[in-house]
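In: Sharing a model prediction with you, sequence too.
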Amino acid sequence: MVKHNLKYYFNSPLGKMYLIALLILGVQFLIMVLIEIILKPAFGRKIGLAFWEFLDPVLLILIVTPFIYIAIVRPLEKQQITLRQQFNELNITAVTFESREGVTVTDANNKILRVNRAFTEITGYSNEEAIGKTPRILHSGRHDKQFYNNMWQILERDRFWSGEVWNRNKKGDIYPEWLTITAVLGDDGQVTNYVGIFSDISERKAGEQQLRKLTAHIQTAREEEKTRIAREIHDDLGGTLTALKMETYRLSGKLSANEQTKPLLEHVESMTQLIDNAVGVTRRVISDLHPTILDDLGLVVALEWQCGQFSKRTGIDCRLSGAEDAGENGEEGVLDKTVAINLFRIFQEALTNVAQHSGATGVKAEFQQNDEEIILTISDNGRGLPEGHVIPQTSYGLRGMRERVAQLNGQILFDQPPGGGLRVTVILPAAPGQDRDVRI
């Protein structure tokens, strides 16, 4: 304790003054001993008195100055540099704290200690109204207890959490914000404070909603245009090809009745084969543009038909289950047209990905429908996704699937089923306009 007090005293300005004085006295004594006892007896007769008077202060300066620099000046220079750095950091902290983003500082018990001006502008609560409270004053009620439990579990584990939160301001209006919470640790490694930084993303969410509506409108317009083109091809080109085929049958009958024209039958048969090929291509184009089976017999039958076509084209076994329980036809409610076409397009895109990337030999699809939600699952037994792989946002096929699900207020999940491969699960609310959190 005594050593600690002495160290603290000599580190103080007064203590340093006494330390310099003691240093000067001690060095002066040593110089006097050196001159009077050693140097003067040896060289005194040859050197005048003025030299010894001059030597005394010179030696004092040469010896004491380095000690003063090392013991006093150098620590002061380091302290000045440290203070300048701390001042700059405080300036940066002050600028950051008064940024356009809301900032909340709480203690380890989540009691608010301070908020910035942006916090007041966003929430309506002043610094005085918020201090001593907890961030629960902002809870909107849109998140359940499990949401906050998960958030705190991640905070305790990683000392960091970031995500989208719906909060309520002082007026009672609910708004979305992007919140980042960082734990501040003390010297002992324990949490001393939490710093929350958030920004109001209402405009961004509104923009996303507008973009989603625009995307939905474009997709609907495209589907309607595809349907129109498919009908025109079916009515005009299909009718023309059917008429040509009937004419070739009539011509074949007339040519076969005359012995002289029988050699021309081969050409007629060739024409008939070309017409049949054209009819097949036309049907395939019509089905790709808009599957008429979807309008005539419903989604379940269309999914079964698509499974069969996929198996014929790729050799990959594809089976649909749950159709008998889904209840789209008969006593069940008929699916909304937009829901049906989007689910069918998602199913087509999933099968395309299986054929191109998975290396699978089999695909299992399941369709379920009840009063609350519609679930479509497509699983393959291919190579799946590598561990730690993140599906890129720039994947156009998957982006299209996400956008179709988002416009229906649903969610789409990608995971690995037991046994390997990739599983795509689409969950939609039974009512097309029903809100639902979109997770991708």
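Out: The structure has been received and is ready for your questions.
In: Only the buried residues of whichever strand or helix holds Lys16, if you could.
Out: Using DSSP states H and E, the secondary-structure element containing Lys16 is helix 13-33. For helix 13-33, a neighbour-count test (16 or more other Cβ atoms under 10 Å) marks Lys16, Leu19, Leu23, Val27, Gln28, Ile31 as buried. The C-beta positions use only the backbone N, C-alpha and C, and glycine is treated the same way.
In: Could you do stretch 272-290 as well?
Out: In stretch 272-290, counting by 16+ other Cβ under 10 Å, buried: Thr272, Ile275, Ala278, Val279, Thr282, Ile286, Ser287, Leu289, His290.
In: What is the longest helix of this protein by residue count?
Out: Longest helix in the chain, counting residues (DSSP state H): helix 202-232.
In: list the helices and strands that helix packs on?
Out: strand 174-185, helix 265-289, helix 337-353, helix 396-407 (3 or more Cβ pairs under 8 Å, 6 or more residues apart in numbering; DSSP states H and E).
In: thinking again about what came up before, export the buried residues of helix 13-33 as a markdown table, with columns for distance to Ile197 and pLDDT.
Out: Below are the buried residues of helix 13-33 laid out as a markdown table (distance: Cβ to Cβ, whole Å; pLDDT from 0 to 100):
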| residue | distance to Ile197 | pLDDT |
| --- | --- | --- |
| Lys16 | 43 | 70 |
| Leu19 | 47 | 73 |
| Leu23 | 52 | 75 |
| Val27 | 57 | 73 |
| Gln28 | 61 | 73 |
| Ile31 | 63 | 73 |
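In: Columns distance to Phe147 on top of those residues, output as a markdown table?
Out: Formatted as a markdown table, the buried residues of helix 13-33 follow (distance: Cβ to Cβ, whole Å):
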| residue | distance to Phe147 |
| --- | --- |
| Lys16 | 58 |
| Leu19 | 61 |
| Leu23 | 66 |
| Val27 | 72 |
| Gln28 | 76 |
| Ile31 | 78 |
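In: ok so, going back, to Arg423, which of the helices and strands packed on helix 202-232 lies closest?
Out: helix 337-353 (9.9 Å; Cβ to Cβ).
In: Show me what the mean pLDDT comes to for the closest one.
Out: Mean pLDDT, helix 337-353: 86.
In: how about it: buried residues?
Out: Result for helix 337-353 [16+ other Cβ under 10 Å]: buried residues 338-351, 353.
In: Which helix or strand lies directly C-terminal to it?
Out: Using DSSP H and E, the next helix or strand after helix 337-353 towards the C-terminus is strand 362-369.
In: That following strand packs against which elements?
Out: Strand 362-369 packs on helix 299-314, strand 317-321, helix 323-326, strand 373-380, going by 3+ Cβ pairs under 8 Å, 6+ apart.
In: Go again with 10 Å.
Out: Packing contacts for strand 362-369, counted by 3 or more Cβ pairs under 10 Å, 6 or more residues apart in numbering; DSSP states H and E, involve helix 299-314, strand 317-321, helix 323-326, helix 337-353, strand 373-380, strand 423-429.
In: quick revisit: what helices and strands are in contact with the helix holding Lys16?
Out: helix 2-10, helix 49-68.
In: and those, which one is worst for confidence?
Out: Minimum mean pLDDT among those: helix 2-10, a mean of 58.
In: So Lys133: helix, strand or coil?
Out: Put simply, Lys133 is coil when judged by DSSP: H, G, I helix; E, B strand; the rest coil.
In: How about the contacts made by it?
Out: By Cβ atoms under 10 Å, 6 or more residues apart in numbering, Lys133 lies in contact with Thr106, Asn110, Lys111, Ile112, Val115, Tyr125.
In: Can you give me the domain assignment for this structure?
Out: 2-97, 102-200, 203-290, 298-440 (automatic domain parsing).
In: Which of the helices and strands packed on helix 202-232 sits closest to Tyr148?
Out: Of these, nearest to Tyr148 by Cβ to Cβ is strand 174-185, at 11.4 Å.
In: Return the list of helices and strands in contact with the closest one.
Out: Right, strand 174-185 is packed against strand 102-107, helix 117-123, helix 145-158, strand 160-168, strand 191-200, helix 202-232 by 3+ Cβ pairs under 10 Å, 6+ apart.
In: what would the ones you listed look like in JSON lines with mean pLDDT?
Out: Compiled in JSON lines, the helices and strands packed on strand 174-185 are given as follows (pLDDT from 0 to 100):
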{"stretch": "strand 102-107", "mean pLDDT": "88"}
{"stretch": "helix 117-123", "mean pLDDT": "88"}
{"stretch": "helix 145-158", "mean pLDDT": "90"}
{"stretch": "strand 160-168", "mean pLDDT": "91"}
{"stretch": "strand 191-200", "mean pLDDT": "88"}
{"stretch": "helix 202-232", "mean pLDDT": "74"}
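In: still on that earlier bit, among the buried residues of stretch 272-290, which one sits closest to Glu121?
Out: Nearest member of the buried residues of stretch 272-290 to Glu121, counting by Cβ to Cβ, is His290, at 51.0 Å.
In: Would you check how far apart that closest one and Leu303 are?
Out: For His290, the distance to Leu303 equals 15 Å [Cβ to Cβ, to the nearest Å].
In: quick revisit: between the buried residues of stretch 272-290, which is closest to Ala50?
Out: Leu289 (115.9 Å).
In: Contacts only, for the closest one.
Out: Applying Cβ under 10 Å, 6+ apart, we find Leu289 in contact with Glu223, Glu225, Lys226, Thr227, Arg228, Ile229, Ala230, Arg231, Ile233, His234.
In: burial measure for the residue lying closest to Val354 once chain neighbours are set aside, as a count.
Out: Leaving aside its chain neighbours, Val354 sits nearest to Asp380 (4.8 Å; criterion: Cβ to Cβ, 6 or more residues apart in numbering). Neighbours of Asp380 under the rule other Cβ atoms under 10 Å: 28.
In: Glu224 now?
Out: Neighbours of Glu224 (other Cβ under 10 Å): 12.
In: before we move on, what about Leu335?
Out: 21.
In: same check, this time on Pro291
Out: Residues near Pro291, counting by other Cβ under 10 Å: 22.
In: For it, list the residues it contacts.
Out: Thr227, Ala230, Leu297, Val301, Ala302, Trp305, Gln306, Gln309, Ile341, Phe344, Arg345, Gln348.
In: and those residues as CSV, adding distance to Leu255?
Out: Formatted as CSV, those follow (distance: Cβ to Cβ, whole Å):
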residue, distance to Leu255
Thr227, 40
Ala230, 35
Leu297, 41
Val301, 42
Ala302, 42
Trp305, 39
Gln306, 42
Gln309, 37
Ile341, 47
Phe344, 45
Arg345, 47
Gln348, 44
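In: Now for these: which two are most distant?
Out: Among the contacts of Pro291, Thr227 and Gln309 lie farthest apart (Cβ to Cβ), at 19.0 Å.
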